[in-house]
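Participant: 3D, please:
(one chain, ligands or ions: 1)
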Amino acid sequence: MKRLFGTFGVRRIANQVLTPEFASKLGAAYGTVIKGKVAVGGDPRTSTPMIKHAVIAGLLSSGCQVVDLGILPTPTVQYAVRNYYDGGVIITASHNPPQYNGIKFVDKDGIGIAEDMELKIEEMFFNENPGRVSWDEIEEVSSRPGIVEEYIGQVITRVDSEAIARANLKVIVDCGSGAACSTTPYLLRKLGCQVTAMNCQPDGFFPGRNPEPTEDNLQGLIETVKATGADLGIAHDGDADRTICIDENGDFVMGDKTFALVEKHLLMENQGGIIVTTVATSTAIYDIAEEHQGEVIATAVGDLLVARELKNRDGLFGGEENGGLIFPDFVYGRDAALSTAKIVEIMSKEGKSLSTLISQLPDYHSIKMKVECPDELKQEIMDKIAQETSQYQVDTTDGVKIFREEGWLIIRPSGTEPIFRCFAEAKTKQEAQKMAEWGISLVKNYL
Ligand code: MG
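Facilitator: From the prediction side, this is the model:
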């Protein structure tokens with residue numbers, strides 16, 4: 001059977017595969033499995049209202065009650081579902097360009113649905129017809145005004161707001177015209193920061209910058225932080241589940257650094273705990289855990305795998321190297337608002353600049369590279385690489401992760417594109433570069 005779902009949801013160009021007909025049938029298939037009260041929300045893309053209304057029609061046809069939450073961050077929907085509903089649907093393409101959109105389904109805990117439920121939905125989508133209820137069993141659509149304010153209020157209760165207010169930090173916020181426009185600027189103002197907002201009008205054309213918060217795309221924020229002498233720059237992706245920081249010098253801070261910083265403080269505050277991450281995250285996470293009574297569990301790549309493991313193991317904190325941090329006592333998914341609040345809390349309580357705090361973390365350098373490879377060759381190449389590298393210590397949780405004296409290299413076939421990803425980390429940039437190139441050469445040898 002054809003697979004519809006990627007690592008988290010279905011993502012396509014709007015009105016090509018992702019038409020109202022497609023969205024409605026998929027919504028009905030999900031609704032047939034859930035049979036309950038389902039919350040629906042999305043990011044500000046031009047196609048979001050079209051797809052959202054189609055999904056709502058599908059859900060209603062399968063007998064679900066629907067609560068339309070409007071335009072809001074992905075984690076706000078996950079928060080609402082965990083507390084009030086039986087399921088949730090999020091219309092978003094996260095960091096992808098404006099022509100894309102997607103549909104993410106979550107379970108009653110607000111975690112991206114598990115693979116067995118995906119298979120059930122796909123089976124219904126392709127082979128069976130979703131269950132349709134009779135005319136007198138069609139439920140209603142309602143709204144829930146105030147959910148965004150409630151979510152912001154909950155974030156504030158989880159940090160030391162007095163310490164943050166005293167520090168009076170100057171923060172530049174770049175929401176990229178995405179879903180964070182309704183949360184982060186308001187949150188930081190309520191916490192007592194001096195906020196300057198840029199790209200904070202929701203706009204599905206993303207006129208200010210590309211929604212992916214990479215260093216290249218954040219040049220406007222970097223220049224603004226430098227020009228204004230701000231303490232911090234904050235940027236989010238389109239659906240506001242990832243947070244990227246710019247320090248007071250205008251330097252881009254890699255996501256694994258903020259992950260390590262927040263990990264360190266949470267472990268100190270809680271005298272240890274379980275940290276969950278993916279195999280592609282920095283050794284710094286392990287070093288910090290060792291120093292502060294933490295235990296690290298590594299999953300395959302994918303934020304919903306991290307979220308599920310956090311729930312199963314009653315974990316303290318989790319995350320990825322891309323700026324996605326998960327606070328499991330709040331939302332079982334990456335949460336940009338609490339990440340932002342935690343970072344300003346740490347800066348305020350420590351009384352140190354972000355660059356100083358980052359310089360005190362274990363120092364590693366990483367390089368990401370990719371090489372094209374047809375999908376049908378991936379497994380064979382993966383097997384041969386596993387054979388060739390058998391003299392090293394390896395981890396095969398996801399692709400092959402090879403440990404050498406100077407660092408590690410992970411070689412993974414992409415689940416969505418005809419490429420291999422090679423990701424290396426070492427004590428110096430040169431060594432990381434060498435390791436990543438070695439990975440690329442291993443793949444090319446067998447092409
Ligand atoms: Mg996202």
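
Participant: distance of Ala432 from Ile172?
Facilitator: 30 Å (C-beta to C-beta, to the nearest Å). Bear in mind the C-beta positions are built from the backbone N, C-alpha and C, glycine included.

Participant: same thing with Asn217?
Facilitator: From Asn217 to Ile172 the distance is 15 Å (C-beta to C-beta).

Participant: Between the two, tell me which one has more neighbours.
Facilitator: Just comparing Asn217 and Ile172: by other C-beta atoms under 10 Å the higher neighbour count belongs to Ile172, 24 against 20.

Participant: I'd assumed the more buried one was in a strand, is it?
Facilitator: Yes - under DSSP: H, G, I helix; E, B strand; the rest coil, Ile172 falls within a strand.

Participant: ok, whichever residue of the stretch 301-447 of the chain sits closest to the ion - contacts?
Facilitator: Closest residue of the stretch 301-447 of the chain to the ion, C-beta to the ion: Arg334 (6.9 Å). By C-beta atoms under 8 Å, 6 or more residues apart in numbering, the residues touching Arg334 are 74-75, 241-242, 303, 319-320, 324-326.

Participant: run the last query once more with 6 Å
Facilitator: Residues in contact with Arg334, defined by C-beta atoms under 6 Å, 6 or more residues apart in numbering, are 241, 303, 324, 326.

Participant: Which ones among those residues also lie next to the ion?
Facilitator: Asp241 (C-beta under 5 Å from the ion).

Participant: Would you mind checking which of the contacts of Arg334 the model is least sure about?
Facilitator: Within these, pLDDT reaches its minimum at Asp303, with 91.

Participant: What distance do you get for it to Asp395?
Facilitator: Distance from Asp303 to Asp395, by C-beta to C-beta: 19 Å.

Participant: between the two, which one's more packed in?
Facilitator: Asp303 (25 against 14).

Participant: Helices of the stretch 101-250 of the chain, start to end?
Facilitator: 115-126, 147-157, 161-167, 184-190, 219-228 (DSSP state H, counting those that start in this stretch).

Participant: nearest to the ion, of the ones you listed?
Facilitator: helix 184-190 (13.7 Å).

Participant: Now tell me what touches the closest one from outside.
Facilitator: 152, 155, 171, 173, 195, 197, 200, 337, 340.

Participant: How about stretch 429-447?
Facilitator: 365-367, 369, 371, 381, 384-385, 406-407, 409, 411, 420, 422, 424-426.

Participant: from the stretch 51-200 of the chain, which residue is nearest to the ion?
Facilitator: Ser94 (3.3 Å).

Participant: pretty sure Pro340 contacts Thr243?
Facilitator: One correction, residue 340 is Thr, not Pro. Yes - with contact defined as C-beta atoms under 6 Å, Thr340 reaches Thr243; the gap is 5.3 Å.

Participant: before we move on, the earlier item: hmm, the residue of the stretch 51-200 of the chain closest to the ion is touching Ala240, no?
Facilitator: No - using C-beta under 6 Å, Ser94 is not in contact with Ala240; the gap is 9.5 Å.

Participant: hmm, back to that, just checking, which of the contacts of stretch 429-447 belong to strands?
Facilitator: Those of these mapping onto strands are 365-367, 369, 371, 407, 409, 411, 420, 422, 424-426, per DSSP state E.

Participant: Done for today, thanks.
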